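Colleague: predicted model follows, preceded by the sequence.
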Amino acid sequence: MNFSFEVSRTDPTGARRGRLTTPHGVIQSPFFLPVGTQASVKALTQEALEELGAEIILANTYHLYLRPGHELIRKLGGLHQFMSWPRAILTDSGGYQVFSLSELRRIADEGVRFRSHLDGSEHLLTPEKAAEIQLALGSDIAMVLDECIETPAPRDKAEAALKRTSVWARRARSYLQQSAQRNGDLPQWQFGIVQGATFPDLRRESARQLLELDFPGYAVGGLAVGEPHEITCEMTREVTALLPKDRPRYLMGVGRPEQIADYVALGIDMMDCVLPTRAARHACLYTSEGRVLIKNARYAQDRRPVDSHCSCSVCCRYSRAYLRHLFAAGELTAAILATHHNVHFYLDIMRQIREAIEFGNLANFSSDMHARYAAGPA
RNA sequence: UGGGGCGUGGUCCAACUGGUAGGACACCUCACUGUUAAUGAGGACGGUGAAGGUUCGAAUCCUUCCGCCCCAG
């Protein structure tokens, strides 16, 4: 099978430099996955993503199952072909929707019963179903269905979600393995997801239970849902300490630009976040000097690029004043240009982080970022 | 020149026909962490064209003036 992961260097902080090989290309790690929930990174074309150097993106099982439907995508040749994205794709299982669509679902041991946010129709998402959908989509990496709960959570609730996540992980794992036996090969990698809320011992217990299932990669889920950054780091540290060094570690749903290096220093290899794309549409631009809220009146006559240290095509060509105008006028181009810049910025942070690991100065990079983001924009 | 109507924050309008002026948009600011999100929250701005009068109390009623609109000539 065409999957592998290798760590080529570990720096003093614990950060790992490596590469993940998939049937759809090699991805240098640590890496960031732009979020393309509905087979589209909002406001970006696949051409733009390629130009930006994205090597992998994330899509969502729940959303694509509801629309246009995984069977349709399978019929059209799978998600890669459907959306004309030749590089790697990771699909989230719908576990996050268990959390974010809480008013629309009911959780039981068999799975999650959802009412569609689109038309109100009822659907049952089980661990097997989530695995089946992702198989149909043909993503390179599939996530197991997990139960992601809100923070802070009482211990008994965290325990229950942890237990259920482990049972579901086992079911998802065997579903995929059985499918592989029938077809002779594993067409995709499947990652387990550690839960346990903000309880260190529960995090460790969750990791231990998943390790028994011998996943090719492990994710840390249920974090960055409201708890302080230090807690996110503490929980991540508990987990990565137990994970095998030769498997990729994925911290799901993070983070802010200045936090990313911290997670990498905790031994995280991959992460995804809607922040660069969503904030872009809301006129928040990330730069090497901090955040720029481009709608602010102070930028009305600002001829400078969004980020003078940025080499993206937006910063090479357009002024802050123009971007501000596009937002004020409600032009679609505002979202397109802002998203392009933010995704470039995130991918560039990852390039710099990889370089910093090679040179052994990730700690400097991290404190630099924190300082700049504390100082605010120029 | 008659007759009729209307003047309320930047804009468009609302205020049981007397009860102490509100909304939308615009503006300003903030928030977004495995996307139900080109979203959401907050803030500033008028004392009602002007001057008088009636009344406990007027954007609402009366008088005069100013401005705009419509219909007649």
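Modeller: On my side now, so go ahead. In this text the structure is predicted, and so the values were computed from the model without any measurement.
Colleague: show the pLDDT at the residue of the stretch 101-250 of chain A found nearest RNA strand B.
Modeller: RNA strand B sits closest to A:C148 of the stretch 101-250 of chain A, with a gap of 2.6 Å, by CB to the nearest atom of the strand. For every residue, glycine as well, the C-beta is placed using N, CA and C. Confidence at A:C148, expressed as pLDDT, is 95.
Colleague: go on, the one 4 residues further on?
Modeller: pLDDT recorded at A:P152 is 91.
Colleague: skip the chain neighbours and tell me the closest residue to A:Y346.
Modeller: Nearest residue to A:Y346 in three dimensions, chain neighbours excluded: A:P276, at 4.7 Å (CB to CB, 6 or more residues apart in numbering).
Colleague: how much space between the one you found and RNA strand B?
Modeller: 8 Å (CB to the nearest atom of the strand, to the nearest Å).
Colleague: any figure for the gap between that residue and A:A39?
Modeller: Applying CB to CB, to the nearest Å, the value for A:P276 to A:A39 is 18 Å.
Colleague: bridging residues for A:R17?
Modeller: Beta bridges link A:R17 to A:R9 when assigned by DSSP bridges.
Colleague: how about it, what does it touch?
Modeller: The contact partners of A:R17, taken as CB atoms under 8 Å, 6 or more residues apart in numbering, are A:V7, A:S8, A:R9, A:T10, A:D11, A:S29, A:P30, A:R354, A:I357, A:E358.
Colleague: tell me how far the helix or strand that contains A:L337 is from the chain's mean position?
Modeller: In the assignment (DSSP states H and E), A:L337 maps to helix A:332-359. Averaging C-alpha positions (CA atoms, centre = their mean, to the nearest Å) puts helix A:332-359 14 Å from its chain's average.
Colleague: which residues does the nearest residue to A:L202 once chain neighbours are set aside contact?
Modeller: Excluding its sequence neighbours, the residue lying closest to A:L202 (CB to CB, 6+ apart) is A:G196, at 3.5 Å. Contacts for A:G196 (CB under 8 Å, 6+ apart) come out as A:A158, A:L162, A:L202, A:R203, A:R204, A:E205, A:S206, A:G222, A:M235.
Colleague: take the residues you listed and keep only those in strands.
Modeller: In strands, judged by DSSP state E, none of the contacts of A:G196 are found.
Colleague: tell me which element the residue most central in space within chain A falls in.
Modeller: Here the mean C-alpha position of chain A is nearest to the C-alpha of A:D272 (CA atoms, centre = their mean), at a distance of 2.0 Å. Assessed by DSSP H and E, A:D272 sits inside strand A:270-273.
Colleague: quick one: name whatever helix or strand follows that strand.
Modeller: Following strand A:270-273 toward the C-terminus (DSSP H and E): helix A:275-281.
Colleague: residues in contact with that following helix?
Modeller: A:34-35, A:41-44, A:255-256, A:285-286, A:335, A:338-339, A:341-343, A:345-346.
Colleague: stretch A:159-174 now?
Modeller: With contact meaning CB under 8 Å, 6+ apart, stretch A:159-174 is reached by A:93, A:107, A:109, A:111, A:126-128, A:130-131, A:144-149, A:153, A:190, A:192-193, A:195-197, A:202, A:205-206, A:209-210, A:213, A:215, A:222.
Colleague: what of stretch A:366-378?
Modeller: Taking CB under 8 Å, 6+ apart as the rule, stretch A:366-378 contacts A:256-258, A:260-262, A:265, A:287-293, A:349.
Colleague: cool, stretch A:116-123 as well?
Modeller: Applying CB under 8 Å, 6+ apart, the contact partners of stretch A:116-123 are A:Y65, A:L66, A:R67, A:L101, A:L104, A:R113, A:F114, A:R115.
Colleague: biggest separation within these, which pair?
Modeller: Farthest-apart pair in the contacts of stretch A:116-123 is A:R67 and A:R113; separation 18.5 Å (CB to CB).
Colleague: so between those two, which is more surrounded?
Modeller: The neighbour count for A:R67 versus A:R113, taken as other CB atoms under 10 Å, is higher for A:R113 (15 against 12).
Colleague: residue contacts, that one?
Modeller: Residues near A:R113 by CB under 8 Å, 6+ apart: A:R105, A:R106, A:I107, A:E122, A:H123, A:L124, A:L125.
Colleague: please repeat the previous calculation with a cut-off of 6 Å.
Modeller: Applying CB atoms under 6 Å, 6 or more residues apart in numbering, we find A:R113 in contact with A:R106, A:L124.
Colleague: how close does it get to A:E122?
Modeller: Separation of A:R113 from A:E122 (CB to CB): 6 Å.
Colleague: and if you look at A:L251?
Modeller: 33 Å.
Colleague: neighbour count for these two, which is higher?
Modeller: A:L251 (31 against 11).
Colleague: neighbours of the residue nearest to A:Y346, how many?
Modeller: So A:P276, with other CB under 10 Å, has 26 neighbours.
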